[in-house]
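**Q** structure for the following, please:
(2 chains)
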2 protein chains.
Amino acid sequence: MTHRSRLTSVLVDVPSADHERAVAFWTRALGHEGRQAKQFPEYHVLGEVTPGIEFMVQSTGDDSPRIHLDIETDDVDAEVARLGALGATEVERLNTWVVMHDPVGTVFCVVEVQIKDAFEASATTWD
Amino acid sequence: MTHRSRLTSVLVDVPSADHERAVAFWTRALGHEGRQAKQFPEYHVLGEVTPGIEFMVQSTGDDSPRIHLDIETDDVDAEVARLGALGATEVERLNTWVVMHDPVGTVFCVVEVQIKDAFEASATTWD
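**A** Predicted structure coming up:
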C-alpha cells in the first residue's frame, strides 16, 4: 500500500494571553484577515497565505511562543509509522491528528488532507 | 512608493551538534534531498518542498531548536518599516537580511526575493 503526504500548514503558537496581538500582527503582516476556526476556536486560520500553504495562529497553554508545521496525508497511521521509522516520536493523538517530535525535539503534526487541490498536485507518494 | 512581500521560506533551526540528524530526518520526511548552501554552509536547502515555499535546516549557535519563517520582499527597508509599525522589532541585520521579532517574540527574517516566479504570482502589494 502506498500513501502520500506533503507540508500543508505553518502555525504560530502563542500563550493564550498573547493570542489577540499575535493574530493582529500576522493577519496584517501577511495581508490575510482569516477567521476563528468554528470547531476549534483556539485556531485563527488565515487561509492559504501562499497557494498550497495555510497559516494559523494558535492559542496554547504553553509559555513559550513557537512555530510548528503540519504534514497532511491520506493515511495518518501510515505517515506516523513512516516518520517514526525516520526517528520521530509520537507525543499525543488529538482529534484527527497526531503530535510528533522530530529527532531534535521540534514539534510537528500529522493531519488529514486539508488542501485537496494542492495535495493532488504536489504530494509525495511513499511506497 | 509601493512594495511587495510574501512568505517564502520555512527554516528548522537546530544546535550545530544536531544539524546532521535534523537534515537526515527532514530531507527524508519531505522527500527532498537538497544541498548545503555554498555561500552560507550552515544552511541545508531542501528547495521548494511545495511550490512557492522553500525549506531549510539551519545550524545555529542556539541551544533550543525552533522554526522560523522568512518573508521575501522587493524592498527590505520598506518591509522592515511596515512590520515595525505593526509591532515587530528589529533584532539584527545580517548580510542582505534583517532578523525581527513579532510582538510576542517569535523570530522571523525579512529577506530579498528568493523565488521570483512565486513572488510575481502571489506577493501582496503594500501602499
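**Q** and the lengthiest strand in chain A, what's buried?
**A** Scanning chain A for the strand with the most residues, using DSSP state E, yields strand A:3-15. Within strand A:3-15, the residues that qualify as buried are A:3-14, counting by 16 or more other CB atoms under 10 Å in any protein chain shown. Bear in mind the C-beta positions are built from the backbone N, C-alpha and C, glycine included.
**Q** what's the angle between that strand and strand B:3-15?
**A** Counting by axes from the mean of the first three to the mean of the last three CA atoms, to 10 degrees, strand A:3-15 lies at 90 degrees to strand B:3-15.
**Q** quick one on the thing from earlier: format the buried residues of strand A:3-15 as JSON lines; extra columns: distance to A:Phe55 and pLDDT.
**A** Shown next, in JSON lines, are the buried residues of strand A:3-15 (distance: CB to CB, whole Å; pLDDT from 0 to 100):
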{"residue": "A:His3", "distance to A:Phe55": "25", "pLDDT": "98"}
{"residue": "A:Arg4", "distance to A:Phe55": "22", "pLDDT": "98"}
{"residue": "A:Ser5", "distance to A:Phe55": "19", "pLDDT": "98"}
{"residue": "A:Arg6", "distance to A:Phe55": "16", "pLDDT": "97"}
{"residue": "A:Leu7", "distance to A:Phe55": "12", "pLDDT": "98"}
{"residue": "A:Thr8", "distance to A:Phe55": "11", "pLDDT": "98"}
{"residue": "A:Ser9", "distance to A:Phe55": "7", "pLDDT": "98"}
{"residue": "A:Val10", "distance to A:Phe55": "5", "pLDDT": "98"}
{"residue": "A:Leu11", "distance to A:Phe55": "8", "pLDDT": "98"}
{"residue": "A:Val12", "distance to A:Phe55": "8", "pLDDT": "97"}
{"residue": "A:Asp13", "distance to A:Phe55": "12", "pLDDT": "97"}
{"residue": "A:Val14", "distance to A:Phe55": "14", "pLDDT": "96"}
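**Q** can you give me the strands in chain A?
**A** Taking DSSP E as the criterion, chain A carries its strands at A:3-15, A:35-36, A:43-50, A:53-60, A:66-73, A:89-94, A:97-101, A:107-112, A:124-126.
**Q** so what's the most centrally placed residue in chain A up against?
**A** Centroid-nearest residue in chain A: A:Asp70, 2.7 Å away (criterion: CA atoms, centre = their mean). Applying CB atoms under 8 Å, 6 or more residues apart in numbering or on different chains, we find A:Asp70 in contact with A:7-11, A:97, A:108-111, A:114.
**Q** swap in 7 Å and give it another go.
**A** Residues in contact with A:Asp70 (CB atoms under 7 Å, 6 or more residues apart in numbering or on different chains) are A:8-9, A:11, A:108-109, A:111.
**Q** tabulate those (a markdown table), appending distance to B:Ala29.
**A** Compiled in a markdown table, those are given as follows (distance: CB to CB, whole Å):
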| residue | distance to B:Ala29 |
| --- | --- |
| A:Thr8 | 13 |
| A:Ser9 | 15 |
| A:Leu11 | 17 |
| A:Phe108 | 9 |
| A:Cys109 | 13 |
| A:Val111 | 14 |
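**Q** also near chain B: which of the residues you listed, exactly?
**A** With CB under 7 Å from any CB of the partner chain as the criterion, the contacts of A:Asp70 include none near chain B.
**Q** quick one: end-to-end distance for stretch A:95-113.
**A** End-to-end span of stretch A:95-113 (CA to CA, to the nearest Å): 14 Å.
**Q** again, but for stretch A:13-24
**A** End to end - CA to CA - stretch A:13-24 spans 14 Å.
**Q** stretch A:52-67 now?
**A** Using CA to CA, the span of stretch A:52-67 from its first residue to its last is 18 Å.
**Q** now do stretch A:43-58
**A** Taking CA to CA, the first and last residues of stretch A:43-58 lie 5 Å apart.
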